[in-house]
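In: based on what follows, work out the 3D shape:
(2 chains, ligands or ions: 2)
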Protein chains: 2
Amino acid sequence: PQNGQRRNGPLLDHVEGQRFLEEAFQIILEEALRQGVDPKEKVCEWKDPEELRTLLDLQLRDGGESHDQLLQRVRDVVKYSVKTCHPLFFNQLFAGVDYHALAGRFLTETLNTSLYTYEVAPVFVLMEEVVLSQLRSLVGWEEGDGIFCPGGSVSNMYAMNVARYRAFPQVKLQGLWAVPRLAVFTSQEGHYSIYKAASFEGIGLENVFLVNVDERGRMIPEDLDLKIELAKMQGAVPFLVSATSGTTIQGSFDPLDRIADICEKHGLWMHVDAAWGGSVLLSQRHRHLMKGIERVDSVAWNPHKMLLTGLQCSVLLLKDTTNLLKQCHCANAGYLFQQDKFYDVSLDTGDKSVQCGRRVDCLKLWLMWKAVGTQGLEERVDKAFTNTRYLVEEMKKREGFRLVNEPQFVNVCFWFIPPSLRVMEDSEDYRERLAKVAPTIKERMMRKGSMMVGYQPQKGRVNFFRMVVLSPQIRQEEMDFFLDEIESLGRDM
Amino acid sequence: PQNGQRRNGPLLDHVEGQRFLEEAFQIILEEALRQGVDPKEKVCEWKDPEELRTLLDLQLRDGGESHDQLLQRVRDVVKYSVKTCHPLFFNQLFAGVDYHALAGRFLTETLNTSLYTYEVAPVFVLMEEVVLSQLRSLVGWEEGDGIFCPGGSVSNMYAMNVARYRAFPQVKLQGLWAVPRLAVFTSQEGHYSIYKAASFEGIGLENVFLVNVDERGRMIPEDLDLKIELAKMQGAVPFLVSATSGTTIQGSFDPLDRIADICEKHGLWMHVDAAWGGSVLLSQRHRHLMKGIERVDSVAWNPHKMLLTGLQCSVLLLKDTTNLLKQCHCANAGYLFQQDKFYDVSLDTGDKSVQCGRRVDCLKLWLMWKAVGTQGLEERVDKAFTNTRYLVEEMKKREGFRLVNEPQFVNVCFWFIPPSLRVMEDSEDYRERLAKVAPTIKERMMRKGSMMVGYQPQKGRVNFFRMVVLSPQIRQEEMDFFLDEIESLGRDM
Ligand SMILES: Cc1ncc(COP(=O)(O)O)c(C=O)c1O
Ligand SMILES: Cc1ncc(COP(=O)(O)O)c(C=O)c1O
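Out: Ligands and ions are numbered 1, 2, ... in the order given. This next block holds a predicted model:
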């Protein structure tokens, strides 16, 4: 067995290697995909960390392992991993599997290139351009700029940096000491990446002003106006408002039009964090949720969430046509971005990024889009809304479920009230007991492996479930099972 | 054909989808891999951008395409992409293909999860822990911290932020206005990501002090000391020195031990950007290049470069054992990092990152490591050095090649002096003509598709080639061909 090291070793035999890849592919197809999407199989074979450590033998050693041992490792990784493509996986803002996107991902991995320059990524430089322009046209922009980023958090960070650069270009050279204290604004239910961005970029958490939300989690424009005045009174200089289209927990859409009015009035960069909700732009029926989007300066949008491209696929789109993104981020490295090349060097787009090597994230989205067309994507989005509607109506018919709010999007936030609590009045004791219901049911479903859904507290609200119904692979059966299973796991509480 | 949209469409048929994936896999195997690594095939089928746009039909439309059309698109993407796995691809700091790593990447893509929490990525949370600890032990640390980042640039950014946090924790809350002007230090040949980091984090390019290098591109410790004093005299507060192990162009290694002395003297965080050179730590024979590494505070290291894991695979390793990384970056989002879970929530490592969703980048490295063992990795590193030595000696035998410097690492920087220039004395005219040689030869090799190698000017030096000999798949034949081909492409100049 130790001679695996020799055989697969430093000289890297192609024939041997390709054989391994083929066999691994068959395991992936059979055990990760065919079994992974089968509703009769578990979502997850739960093991406590200590046990899993032992089962996996993760340690790395001097010698290599044999072909067969390695294939067994592939099997083990599959076995103990969560099947996020399983129809009963509702735990995150991604789920399901799209096979065209997956093929695009395999191809991306195999071609293994980096988006610095046209010479090293000719197909993908052009492809990224087309995909970005198509996404921009859904926003309502005929021109503009954009880039794929490693996730929505980074897209939001980029927006903050570019907005800062437009307002105070001297920060790039001189740092924040050259300008007064800055202030950014987002709602109380905005994503935490806005905080992380502010602290990473040297602005500080205290300079993130939180705007109040209405009872359904939407930013209150009047309060934004007040908070801007408040910041100014405190001597800070506002430069960015980040509205949210599709908040993480409740799936709320901030009123963009009215927020845009206020941004215009104060001359602020308006960014929209549509990492989660952006995909509604594909739906004629639902895009009204983002009315006013064409007025904003930048949009972050993650196709890896609702559109099933797989992680990571996130874009920052900009209305700007003055090359602000590149000016803000460029370092003009001579070893990549030579100006004496034999082709149009404006295609060497790598300097728009603060990364150097940058993964190709456009191919999977492009191939999937080619496969189903814009209409196909629209139908998927509409299907998710329809599914959500079904789930909500079913919940209303059942005694134990109480909605936190009527959903605007595909996040269904609810409490399960177990039988013993149904007879109680609201009280401190009641809330304490209710807070323990979701964690207990969660533990039970994990140990059983029957499904996965998340929970969290939020402001005054004790732990409630957030069920996300986004995959177009979900059928009524799965939703019915979900409700039955929650009832059954919480029956004795 | 338009009914492809129906069939592959919103309801996402699993059987159909899996069939597509299987057929796409066969194309990938045959056309991207078998042909891609074949030295008789082209490295790249070069097309000018206008022509490539037409050939690819990138536009996205309302309707979907048929199964067969989509497979043809997979073929086209392969055909016009650069084969970075080809034995004559020497253009970047990555090359070659490792099939175990590639299998790990396919598996990563299929399992499609995100490294926030143990519950959603149980295998990978534990695996990341083991891989990081193994890499740390190569640095010489028995404990510490670390994280996988989307590339070396981001790893460097993280180091800068954590160093700043240790020195001035108040920046996280209050921003840079709460502290005096800060200063960071790197060498003139340090990577541009240090600039990008300084500007992104609000520190400003002017506060990056560039330390002089010796004739072989290594930071001069005495000059670092001077630059630190200079910064202080200017009223700035130094907090970070970023030394480089393996500079991007020349592959130089800064003298870590002597730099560490200076950092200790001034109480500064010492970071090492070993994105490129870090892999020498695997080699008993060559790790002396990083002597002193165990004394530093943080190390950025990209296995996706020399170790062939494929993009992206980059780690930041920290000596710290006080949870600085998490304290610096955390936002404690309640919807992911609930404290009332049923398992040890210290395994929910996502909050160490400034990302939210974070790709699994450890599996490919882990599986490859399991396959060849630490010894196998060591042999690969040693092989790259041996190959470099061979290439350099061959160059010395040939009239037209002039080394910029004797290589320390596997970067071979050289001018090709075409026949007409060999008789000339050094002069302005000579240098102008020499500067045009590399771009012209580069254009010719690209149009021919015979091989790929990069060039750049550097300080007083006009355009020279940087040949990188890192893949263990390279044989003497390829190096001989490389030299012959340069001569042949530059014969008439
Ligand atoms: C010395 C050095 N540091 C950092 C980087 C950046 O790494 P990445 O491309 O992964 O961002 C590079 C890239 O070539 C490099 O050579
Ligand atoms: C509203 C919102 N914005 C941003 C993000 C961050 O996206 P990513 O996980 O890609 O960083 C999320 C993630 O869930 C989100 O819900």
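In: please list the residues of the stretch 101-250 of chain A that sit near ligand 1.
Out: Within the stretch 101-250 of chain A, no position is near ligand 1 by CB under 6 Å from any ligand atom. Yep, even glycine has a C-beta here, placed from its N, CA and C like the rest.
In: mind checking how far the residue of the stretch 251-400 of chain A found nearest ligand 2 is from chain B?
Out: Ligand 2 sits closest to A:A275 of the stretch 251-400 of chain A, with a gap of 3.5 Å, by CB to the nearest ligand atom. For A:A275, the distance to chain B (CB to the nearest CB, to the nearest Å) stands at 9 Å.
In: need the contact list for that residue.
Out: Shown in contact with A:A275 (CB atoms under 8 Å, 6 or more residues apart in numbering or on different chains): A:152, A:155-156, A:191, A:246, A:300-302, A:305, A:314.
In: try A:L282
Out: Counted by CB under 8 Å, 6+ apart, A:L282 has contacts A:138, A:374, A:377-378, A:381.
In: quick revisit: out of the contacts of A:A275, which are buried?
Out: A:152, A:155-156, A:191, A:246, A:300-302, A:305, A:314 (16 or more other CB atoms under 10 Å in any protein chain shown).
In: from the contact counts, what lies against the helix or strand containing A:R53?
Out: Following DSSP states H and E, one finds A:R53 within helix A:49-56. Where contact means 3 or more CB pairs under 8 Å, 6 or more residues apart in numbering or on different chains; DSSP states H and E, helix A:49-56 is packed against helix A:67-80, helix B:122-139.
In: got those helices as JSON lines, with mean pLDDT, mean neighbour count and distance to A:D145 columns?
Out: Formatted as JSON lines, the helices and strands packed on helix A:49-56 follow (pLDDT from 0 to 100; neighbours: other CB atoms under 10 Å in any protein chain shown; distance: least, CB to CB, whole Å):
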{"stretch": "helix A:67-80", "mean pLDDT": "98", "mean neighbour count": "18", "distance to A:D145": "39"}
{"stretch": "helix B:122-139", "mean pLDDT": "98", "mean neighbour count": "21", "distance to A:D145": "34"}
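In: adding distance to ligand 2, write those out as CSV.
Out: Below are these laid out as CSV (distance: least, CB to the nearest ligand atom, whole Å):
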stretch, distance to ligand 2
helix A:67-80, 23
helix B:122-139, 16
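In: which residues sit in contact with the residue nearest to A:H191 when sequence neighbours are not counted?
Out: Sequence neighbours aside, A:T248 is the residue nearest to A:H191 in space, at 5.3 Å (criterion: CB to CB, 6 or more residues apart in numbering or on different chains). By CB under 8 Å, 6+ apart, A:T248 lies in contact with A:93, A:189, A:191, A:276, B:335.
In: which ones among those residues map onto helices?
Out: Counting by DSSP state H, no part of the contacts of A:T248 is found in helices.
In: columns distance to B:Y118 and pLDDT on top of these, output as CSV?
Out: Compiled in CSV, the contacts of A:T248 are given as follows (distance: CB to CB, whole Å; pLDDT from 0 to 100):
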residue, distance to B:Y118, pLDDT
A:L93, 18, 97
A:E189, 26, 97
A:H191, 22, 97
A:W276, 23, 98
B:Y335, 16, 79
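In: for those residues, work out which two are farthest apart.
Out: Comparing every pair within the contacts of A:T248 by CB to CB identifies A:L93 and A:E189 as the most remote, at 14.3 Å.
In: thinking again about what came up before, now the residue nearest to A:H191, what are its backbone angles?
Out: phi -60, psi -40 (degrees, to the nearest 10).
In: with A:L391 as the reference, measure out to it.
Out: With distances taken as CB to CB, to the nearest Å, A:T248 is found 19 Å from A:L391.
In: ok, longest helix in chain A?
Out: Per DSSP H, chain A has its longest helix at helix A:363-397.
In: show me which positions of it end up buried.
Out: Residues A:363-385, A:387-388, A:391-392, A:395 are the ones in helix A:363-397 that count as buried (16+ other CB under 10 Å).
In: out of those, who's near chain B?
Out: A:363, A:366-367, A:369-376, A:379-380, A:383 (CB under 8 Å from any CB of the partner chain).
In: following element in sequence after the helix or strand of chain A with the lowest mean pLDDT, please.
Out: Least confident helix or strand, chain A: helix A:4-8 with a mean of 35, by mean pLDDT, DSSP states H and E. As assigned by DSSP H and E, the chain's next helix or strand after helix A:4-8 is helix A:14-27.
In: what average pLDDT does that following helix get?
Out: Summarised as a single mean, pLDDT over helix A:14-27 is 97.
In: same thing with stretch A:443-454?
Out: Taken as a whole, stretch A:443-454 has an average pLDDT of 98.
In: endpoints of it, how far apart?
Out: Criterion CA to CA, to the nearest Å; first-to-last residue distance in stretch A:443-454 is 11 Å.
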